[in-house]
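>>> take this sequence and fold it.
(chains A and B)
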Amino acid sequence: MATAEQTPRFTHPAARDTCPFAPPTAYEQARREEPVSRVSLWDGSTSWLVTRHEDIKAVLSDARFSSDSTRPGFPFVSEGARQLNTGQPTIIRMDDPEHARFRRMLTGEFMIKKVEALRPEVQRIADDLLDKMTDGRTGADLVHDFALPLPSLVICLLLGVPYQDHDFFQECSRVLLRRASTAAEVAHAQGKLADYLFQLTETKRAQPDGSILSRLAERGDLSTEQISGMGRLLLIAGHETTANMTALSVLALLRNPDQLAHLREHPESVPGAVEELLRYLSIVHSGLTRVATEDVDVAGVRIRAGEGVICMVSAANRDEREFPEADELDVTRDARRHLGFGFGVHQCLGQPLARLELQIALGTILRRLPELRLAVPFEDISFRGEMLVYGVHALPVTW
Amino acid sequence: MLVRIDQEKCCGAGSCVLAAPDVFDQRDEDGIVVLLDAQPPAELHAAVRDAAAVCPASAILLDQA
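The predicted model follows:
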């Protein structure tokens, strides 16, 4: 049985092996051999690593595992990630009941019927982007011309952020989510983004416009700092994740032509395929972090108060005990139990919006680009192994 | 089948509404779960079990007859 004193299995995050869609073998081995194990981190500290589907669900559902990154022992995957978690905490780094109080200020904005009402608008945005991308051209970078602008336009619209500022906030986001960023680089980008959203929130106070930032400002019980912190979280989470899922999903389908053909013939399967792609690709690939506030046994291993825990949802989403033939992409599988959005009370707030965007993005590409293919050899695609959110840096395609 | 919900635990993820829209809805003001049918007909039982299984906050409780 593992103990906190034993030698770490490897340094987390481990590098990927030959298949760019599969989690690194180190996590697969850990899941099979020692599902609750020890890893070392960049700063020489150690943490627990949890890899099985049922164990991660248990940890993420258990209030004795805290999301509060100011607690001693909280694990960070890089120097930049530690910096990112200092300063005023956002809801992802709070525990209940404080977490629930703030989260409930936002849950109404992303509820199913409200998001579903956005469908025509999101479809229009997707069609406009594809019109521009294909107009008089035979090739494009799908990330730059479609996958990134689509969710960026949508989250700007919802939050009340001017889309013309996208170069600015996308660059800040790139620095914040790059594992190699230094604390100084992260602090600088974070500061710029905080100033920007602070000013924007002040503008909404003076001129309400029905956007989320504006509604938060109208509540009267939140400071401008608090609102700009929530805005920063929603702005980054709202565009990076969907953008990377979209491009990586298209690439995965191009590499699995039978699955692509099935979806072209059965467009009604797109929502199910989105769930399967969320499982198969698990783009939040550095794990979800917690720290124990009491001694807790997980799968027979005693995790002591003050010890860090990293939940590798990418490994759990390939857990054969939960998903037979887990390494196969099968768009007809019922994959809804995947942990791609996390689990527990912190599960992704924007998941209805992410689903809507991904369904529309993939559905529209399949319908409008029947001859879509890569414009470069697969081996030349550059993957985002060094980023906190996985994906591809660019996806050159032709049609 | 008897369905109960815990609005205190609910985190408004909306998974239940996707799985079983005839049984679950969300409050307009904050997206918290609302129970539409505490004793759903047999043909909805599988969907309700799916909803309870994917609920991230364990806010759906089933008494199965």
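
>>> C-alpha only now, for contacts and for neighbours.
Noted.

>>> neighbours of the closest residue to chain B within the stretch 101-250 of chain A, how many?
Taking CA to the nearest CA as the measure, the stretch 101-250 of chain A has A:Gly108 as its residue closest to chain B, at 3.9 Å. Here the neighbour count serves as a burial measure; for A:Gly108 (other CA atoms under 10 Å in any protein chain shown) it reads 22.

>>> wait, doesn't it sit right on B:Asp25?
No: between A:Gly108 and B:Asp25 no contact is recorded; they are 12.0 Å apart, counting by CA atoms under 8 Å.

>>> coming back round to it: ok, now which ones touch the nearest residue to the residue of the stretch 101-250 of chain A closest to chain B once chain neighbours are set aside?
Setting aside the residues directly before and after it, A:Gly108 is nearest to B:Asp30 in space (CA to CA, 6 or more residues apart in numbering or on different chains), at 3.9 Å. With contact set as CA atoms under 8 Å, 6 or more residues apart in numbering or on different chains, B:Asp30 has these partners: A:104-109, B:12.

>>> who's in contact with A:Val77?
Listed by CA under 8 Å, 6+ apart, the contact set of A:Val77 reads A:12-13, A:41-42, A:179, A:286.

>>> report the separation between it and chain B.
A:Val77 sits 24 Å away from chain B when distances are taken as CA to the nearest CA, to the nearest Å.

>>> quick one, strands of the stretch 51-200 of chain A?
In the stretch 51-200 of chain A, strands defined by DSSP state E, counting those that start in this stretch lie at A:65-66, A:139-141, listed in chain order.

>>> and chain B, by the same measure?
B:2-5, B:24-26, B:33-35, B:60-63 (DSSP state E).

>>> which of these sits closest to chain A?
When the strands of chain B are ranked by distance to chain A, counting by CA to the nearest CA, first place goes to strand B:24-26 at 7.0 Å.

>>> for the closest residue to chain B within the stretch 201-350 of chain A, which three-state class applies?
Distances from the stretch 201-350 of chain A to chain B, computed as CA to the nearest CA, single out A:Gly344 as the nearest residue at 4.4 Å. With DSSP: H, G, I helix; E, B strand; the rest coil as the basis, the three-state label of A:Gly344 is coil.

>>> close enough to count as contact, it and B:Pro56?
Yes: taking CA under 8 Å as the definition, A:Gly344 is a contact partner of B:Pro56 at 4.4 Å.

>>> list residues touching both of these two?
Residues touching both A:Gly344 and B:Pro56 by CA under 8 Å, 6+ apart: A:Ser61.

>>> which one's more surrounded, the two?
When A:Gly344 and B:Pro56 are compared for neighbours, B:Pro56 comes out ahead with 30 against 23, by other CA under 10 Å.

>>> need the pLDDT of that one.
With respect to pLDDT, B:Pro56 has a value of 97.

>>> for chain B, give me the ranges with low pLDDT.
Scanning chain B for pLDDT under 70 picks out the ranges B:65.

>>> which ones are touching residue 16?
The chain I'm using is chain A. Under the criterion of CA under 8 Å, 6+ apart, the contact list for A:Arg16 reads A:22-25, A:385.

>>> not quite, I wanted chain B
With contacts taken as CA under 8 Å, 6+ apart, B:Cys16 has the following neighbours: B:24-25, B:48, B:50-52, B:54-55.

>>> on that earlier part again, most neighbours among the contacts of B:Asp30, which one is it?
Within those, B:Gly12 tops the neighbour count with 31 neighbours, counted by other CA under 10 Å.

>>> residues in contact with the residue lying closest to B:Arg4 once chain neighbours are set aside?
If the residues on either side of it in the chain are set aside, B:Arg4 comes closest to B:Leu61, at 5.1 Å by CA to CA, 6+ apart. Residues in contact with B:Leu61, defined by CA under 8 Å, 6+ apart, are B:3-6, B:52.

>>> and the residues you listed, which two are the farthest apart?
Put simply, by CA to CA the two of the contacts of B:Leu61 set farthest apart are B:Asp6 and B:Ala52, 11.6 Å from each other.

>>> give me the more crowded residue out of those two.
A count of neighbours by other CA under 10 Å puts B:Ala52 above the other of B:Asp6 and B:Ala52, at 22 against 15.

>>> residues contacting the more buried one?
B:Ala52 sits next to B:16, B:58-62 when contact means CA under 8 Å, 6+ apart.

>>> equivalent analysis for A:Ser47, please.
Counting by CA under 8 Å, 6+ apart, A:Ser47 touches A:38-41, A:75, A:307-310.

>>> what's near enough to touch the nearest residue to it once chain neighbours are set aside?
Residue nearest to A:Ser47 in three dimensions, not counting chain neighbours: A:Gly308, with 4.9 Å by CA to CA, 6+ apart. Taking CA under 8 Å, 6+ apart as the criterion, A:Gly308 is in contact with A:46-48, A:73-75, A:289-292.

>>> tell me the secondary structure at A:Trp48.
Counting by three-state DSSP, the backbone at A:Trp48 sits in strand.

>>> burial measure for it, as a count.
Residues within reach of A:Trp48, counting by other CA under 10 Å, total 25.

>>> my read is that it contacts A:Glu34, right?
No: checked against CA under 8 Å, the pair A:Trp48 and A:Glu34 is beyond contact range at 11.0 Å.

>>> show me what contacts residue 49?
Answering for chain A, as no chain was given. Residues counted as contacts of A:Leu49 (CA under 8 Å, 6+ apart) are A:35-39, A:309-312.

>>> switch to chain B, that's the one I care about
Residues touching B:Arg49, when contacts are defined by CA under 8 Å, 6+ apart, comprise B:Leu62.

>>> burial count for A:Asp327?
A:Asp327 is flanked by 15 other residues according to other CA under 10 Å.

>>> confidence score at the closest residue to A:Asn244 other than its chain neighbours?
Spatial nearest neighbour of A:Asn244, chain neighbours left out: A:Gly391 (4.8 Å); criterion: CA to CA, 6+ apart. In this model, A:Gly391 is scored at 98, pLDDT.

>>> where along chain B do the helices fall?
Taking DSSP state H to define them, one finds helices in chain B at B:15-19, B:45-54.

>>> can you say which of those helices is packed in most?
helix B:15-19 (a mean of 22; mean count of other CA atoms under 10 Å in any protein chain shown).

>>> what helices and strands are in contact with the helix or strand bottoming out on mean pLDDT in chain A?
Sorted by mean pLDDT, DSSP states H and E, the helices and strands of chain A end with helix A:79-84, the least confident at a mean of 93. Helix A:79-84 makes packing contacts with helix A:166-176, helix A:183-206 when contacts are defined by 3 or more CA pairs under 8 Å, 6 or more residues apart in numbering or on different chains; DSSP states H and E.
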